[in-house]
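Q: Got a predicted model here, sequence first, then my questions.
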Amino acid sequence: MEWDLGVANEKQKLFFLARTTFVAYGGAKGGGKTWAVRTKAVAGAVANPGLRVLIMRRTYPELEENHIRPIVSLVPKEIGTFAASVRRMNFWNGSSIKFGHWAGDQSELEYQGQEFDWIFIDEATQFTERTFNYLKGCLRGASPYQKRMYLTCNPGGVGHRWVKRLFIDRDYRTGSGDPEGDEVPGDYTFIPATVEDNEFLLKNSPEYLRMLSQMPENVRRAYRYGDWDALEGGYFSEFRADTHVKEPMEIPPYWRRYRAIDYGLDMLAVLWVAVDERGRCHVYREWTREKLIVSEAARGILERTMPYENIEATFAPLDLWSRQKDTGRTMEEIFRSCGVPLIKAGNNRVQGHMLVKEMLAKRADGEPGLTVSADCRRLIGDIMAIQADDTDPNDCAREPHEVTHTVDALRYFCVSRVAAARESEYREEPGFFGGEPGEGYLEY
């Protein structure tokens with residue numbers, strides 16, 4: 001039988017022929033990314049018996065509109081059939097294409113232990129680096145095929161920074177001491193494409209080019225020309241690694257210390273914050289953990305709080321004071337009974353995030369009101385990744401949910417009233433830490 005898959009442009013041909021482990025395609029909008037994903041996946045499944053393919057989009061409506069329906073229409077029944085119950089196209093030669101969308105933490109359970117030869121992440125900048133790294137773990141299996149991951153991307157979105165780092169800046173993490181943990185430059189290929197490369201689109205939709213050209217300047221640079229510096233910032237555009245991230249330091253004993261938590265069974269996020277004598281705040285420790293009941297969360301918080309740390313207060317969201325229907329108790333009561341008393345933090349999202357922005361802003365002396373220890377990698381990554389809400393630019397997005405936990409904990413701290421440190425309130429106390437006189441400080 002004859003089967004016409006269409007004609008690829010020159011950039012799409014490069015995408016089809018690339019043989020590195022990670023291949024990214026795109027940059028500007030209109031470069032033919034989605035067609036390239038569908039065609040590469042189907043052609044690969046037909047040409048390679050037993051090939052296991054995964055096509056991933058951020059949401060199911062996008063997945064269905066851009067991939068499931070077109071591929072079901074494209075593939076003749078003599079070659080493959082679609083099993084709707086498991087969202088998988090099964091080919092006559094034993095190959096398969098699994099269609100997936102990423103629903104946050106629950107998707108990690110869905111794909112745990114699954115194996116694929118090729119994984120396509122369409123619109124990769126809509127995914128977090130955590131998701132990218134998790135899906136890399138699914139590139140495995142005993143089949144003879146080289147394991148590859150294909151990505152399409154435009155500037156902007158929650159994954160902008162990690163995609164730009166790997167494929168545009170080519171800034172790789174090496175020297176970890178574990179060769180398997182290092183990023184190898186030769187594993188990554190980027191194929192830039194713009195709307196000019198897509199002759200089919202220009203011929204059939206000439207107004208598309210005009211629409212791109214009429215966008216605001218920074219958006220036009222990103223979507224029309226694929227400029228990765230045009231949409232560099234997320235919601236917290238004030239945050240700069242060279243300004244706000246500080247090397248781990250010894251916290252002076254007279255600084256006041258606080259904790260802030262965001263708790264749910266899906267994720268616990270805890271921040272330890274010190275406040276100096278000028279009222280500047282420094283996040284010096286973080287801890288995140290999934291699927292902890294309240295007593296386990298409280299125990300973990302206490303284990304990670306040093307004996308010499310005098311925590312002034314632990315701020316938490318209002319929902320922890322809601323009574324459970326079955327027991328009549330609140331989660332705050334359980335935290336308190338386990339040795340972690342909580343103080344209510346304001347829950348106005350817009351006001352809270354605006355206060356975070358104010359604390360990140362530089363003061364009159366040129367230094368910001370809040371800094372973060374370089375050890376707090378999760379918080380740093382989440383602050384840089386989280387985007388503005390599509391419907392309310394004054395608020396930050398609630399999705400992907402996995403990047404909101406530490407940011408919410410920081411918000412609870414910033415909306416709460418804290419006191420600046422006063423060195424005069426402290427005096428040296430012999431043997432306070434079990435050592436020689438003069439080694440510790442104790443508050444009056």
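A: That came in fine, so what should we check first?
Q: where are the low-confidence patches of the chain?
A: Applying pLDDT under 70 to the chain picks out residues 176-180, 232-233, 424-444.
Q: residue contacts, the residue nearest in space to the middle of it?
A: Centroid check for the chain by CA atoms, centre = their mean gives residue 128 as the closest residue, at 3.1 Å. Residue 128 makes contact with 158-159, 162, 385, 400, 402-403, according to CB atoms under 8 Å, 6 or more residues apart in numbering. C-beta here means a position set from N, CA and C on the backbone, and glycine is covered the same way.
Q: possible to save those as JSON lines with distance to residue 55 and neighbour count?
A: Listed next are these as JSON lines, based on distance: CB to CB, whole Å; neighbours: other CB atoms under 10 Å:
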{"residue": "158", "distance to residue 55": "20", "neighbour count": "25"}
{"residue": "159", "distance to residue 55": "17", "neighbour count": "26"}
{"residue": "162", "distance to residue 55": "20", "neighbour count": "21"}
{"residue": "385", "distance to residue 55": "23", "neighbour count": "25"}
{"residue": "400", "distance to residue 55": "18", "neighbour count": "22"}
{"residue": "402", "distance to residue 55": "21", "neighbour count": "23"}
{"residue": "403", "distance to residue 55": "23", "neighbour count": "26"}
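Q: so can I have JSON lines of those showing distance to residue 393?
A: Shown next, in JSON lines, are those (distance: CB to CB, whole Å):
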{"residue": "158", "distance to residue 393": "16"}
{"residue": "159", "distance to residue 393": "20"}
{"residue": "162", "distance to residue 393": "24"}
{"residue": "385", "distance to residue 393": "17"}
{"residue": "400", "distance to residue 393": "18"}
{"residue": "402", "distance to residue 393": "22"}
{"residue": "403", "distance to residue 393": "18"}
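Q: Among those, name the ones in strands.
A: If you go by DSSP state E, the contacts of residue 128 have nothing in strands.
Q: I'd like to know which of those residues is nearest to residue 240.
A: Using CB to CB, residue 385 comes nearest to residue 240 of the contacts of residue 128, at 14.5 Å.
Q: Tell me the spacing between the residue nearest to the centre of the chain and residue 207.
A: For residue 128, the distance to residue 207 (CB to CB, to the nearest Å) stands at 34 Å.
Q: Over to residue 145?
A: Taking CB to CB, one finds residue 145 at 42 Å from residue 207.
Q: neighbour-wise, which of these two wins?
A: residue 145 (14 against 7; other CB atoms under 10 Å).
Q: Hmm, the more buried one is touching residue 47, no?
A: No: between residue 145 and residue 47 there is no contact under CB atoms under 8 Å: 10.6 Å.
Q: Per the annotation, how does the chain divide into domains?
A: The chain breaks down into these domains under automatic domain parsing: 10-225, 241-425.
Q: Regarding this structure, what is its longest helix?
A: When the chain is parsed with DSSP state H, its longest helix is helix 33-47.
Q: gap between that helix and the chain center?
A: Centroid displacement of helix 33-47 relative to its chain, using CA atoms, centre = their mean, to the nearest Å, is 27 Å.
Q: Also stretch 406-416?
A: Worked out by CA atoms, centre = their mean, stretch 406-416 lies 18 Å from the chain centre.
Q: Helices of the stretch 251-400 of the chain, residue ranges please.
A: Secondary structure of the stretch 251-400 of the chain (DSSP state H, counting those that start in this stretch): helices at 294-303, 331-337, 349-360, 377-385.
Q: would JSON lines of those helices with distance to residue 246 be doable?
A: Listed next are the helices of the stretch 251-400 of the chain as JSON lines, based on distance: least, CB to CB, whole Å:
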{"stretch": "helix 294-303", "distance to residue 246": "23"}
{"stretch": "helix 331-337", "distance to residue 246": "30"}
{"stretch": "helix 349-360", "distance to residue 246": "13"}
{"stretch": "helix 377-385", "distance to residue 246": "11"}
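Q: So which of those is nearest residue 24?
A: Taking the helices of the stretch 251-400 of the chain one by one with CB to CB, helix 377-385 is closest: 17.8 Å.
Q: other SSEs contacting the host helix or strand of residue 410?
A: Residue 410 is part of helix 405-414 when elements are defined by DSSP states H and E. Applying 3 or more CB pairs under 8 Å, 6 or more residues apart in numbering; DSSP states H and E, one finds that helix 405-414 contacts strand 256-263, strand 268-275, strand 281-289, strand 311-316, helix 349-360, helix 377-385.
Q: now what about the last one, what contacts it?
A: Residues lying outside helix 377-385 but in contact with it, judged by CB under 8 Å, 6+ apart, are 128-129, 158-161, 234, 236, 239, 241, 245, 269, 271, 283, 286, 288, 372, 374, 403-407, 410.
Q: what do you get for the third one?
A: The list of residues contacting strand 281-289 from outside it, by CB under 8 Å, 6+ apart, reads 246, 248-249, 251, 255, 267-276, 297, 300-301, 304, 359, 369-373, 375-376, 378-379, 405-406, 410, 413, 418.
Q: Go through that strand and flag the buried ones.
A: Buried residues in strand 281-289, counted by 16 or more other CB atoms under 10 Å: 281-288.
Q: Equivalent analysis for the last one, please.
A: Using 16+ other CB under 10 Å as the burial criterion, the residues of helix 377-385 that qualify are 378-385.
Q: again, but for the longest one
A: Using 16+ other CB under 10 Å as the burial criterion, the residues of helix 349-360 that qualify are 349, 352-357, 359-360.
Q: Distance from it to the middle of the chain?
A: 20 Å.
Q: Same check on the first one?
A: For strand 256-263, the distance from its own C-alpha centre to the chain's C-alpha centre is 22 Å (CA atoms, centre = their mean).
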